[in-house]
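Engineer: Got a sequence here, can you model it:
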Amino acid sequence: MEKLILKGCGTAMFTPFKGGKVDYECMAALTRRQVEAGMDFLVPLGTTGETPCLSAEEKLKVFRTVKENAGGVPVVVGVGTNSVDGTLGNIDLLHEADAFLVVAPYYNKPPQRGLYEYFKLVASHTPKPVILYNVPGRTGCNIEADTTLKLAHDVPNIIAVKEASGNIAQASAILEGAPEGFALLSGNDDDTLTLMKKGAAGVISVASNVCPEEMVRFTHAALEGNWADAEVWDAKLHALFKNLFVEPNPIPGKAAMALLGLMENSLRLPLVKALPETEELMAKTLKQI
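Structural biologist: Below is the predicted model of the structure:
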């Protein structure tokens, strides 16, 4: 199997709703918009996609809609749950994906040895690439650098980690100790420049839903070592990076997409629409960009 190389910018895609139902026509249009912008890979059904609120049937149709409109761009699909059976079930359901993004099991708060055994078992279930996803602010547990590195060295098809801990020292330790071919991808837009200067391969981005062309230019400048241009893009996009998280993701992002006329501003409970002041902030932010 040819090894998948993930670098540059990948979009953690929103799931659009209309009248409470998934808007697959909009999902197709959003995918084509990403491809036309030159996106390096696509990541539907992650945290940003409100995936815990989707049925198995909806997950499969969302994935297939993205895959059919991706034009050959790799599709990395989120499959992680807080149980082995749930995660393996998602891998079986979405087996046509190019790779699987597996979040640390949320709510359980496992010890590091539990995380190691969990990810090792999950990766053994598929020959396809697996990307670890560390986002302790959402899951309640942190995948420590030593655990990530042990998995990177021990399990051949674990090829990358999406690091959204915000812990630069931890990310640096992973970059320093990673085997050849193992990638670290920033999970926070505002950490991307710092981490890419240290050797990160790119970002799985929320902001690229809103401004895909700008994020591609930003990350590609960084990949090329053109730090002057990368710093300009980082500064230009900084307010967006920050303001997309003034309420829980994807609340502000969906408000921004609605302001751009790209989707209905609709979420599934327990998430709700942005506060009026958040909508005003997003309108101001978009005007600045």
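Engineer: Show me the strands in the stretch 151-289 of the chain, by range?
Structural biologist: With DSSP state E, counting those that start in this stretch as the criterion, the stretch 151-289 of the chain has strands at 158-163, 183-186, 202-205.
Engineer: List the buried residues of the longest one.
Structural biologist: What that stands for is strand 158-163. Neighbour-count burial for strand 158-163, with 16 or more other Cβ atoms under 10 Å as criterion, is recorded at 158-163. For every residue, glycine as well, the C-beta is placed using N, CA and C.
Engineer: by contact count, what packs against that strand?
Structural biologist: Here strand 158-163 touches strand 130-134, helix 145-154, helix 168-177, strand 183-186, going by 3 or more Cβ pairs under 8 Å, 6 or more residues apart in numbering; DSSP states H and E.
Engineer: Name the residues that touch that strand?
Structural biologist: 3-4, 6, 99, 101, 119, 123, 129-135, 143, 148, 151-152, 170-171, 174, 181-187, 191, 195, 200-201, 204 (Cβ atoms under 8 Å, 6 or more residues apart in numbering).
Engineer: Who are the contact partners of Ala207?
Structural biologist: Ala207 makes contacts with 189, 215, 237, 240-241, 244, as judged by Cβ under 8 Å, 6+ apart.
Engineer: Among those residues, which one has the most neighbours?
Structural biologist: Highest neighbour count within these: Met215, with 31 neighbours (other Cβ atoms under 10 Å).
Engineer: So that one versus Pro129, what's the distance?
Structural biologist: Applying Cβ to Cβ, to the nearest Å, the value for Met215 to Pro129 is 22 Å.
Engineer: Show me where the stretch 1-150 of the chain has its strands.
Structural biologist: Applying DSSP E, counting those that start in this stretch to the stretch 1-150 of the chain gives strands spanning 8-12, 17-18, 21-22, 41-43, 76-78, 99-103, 130-134.
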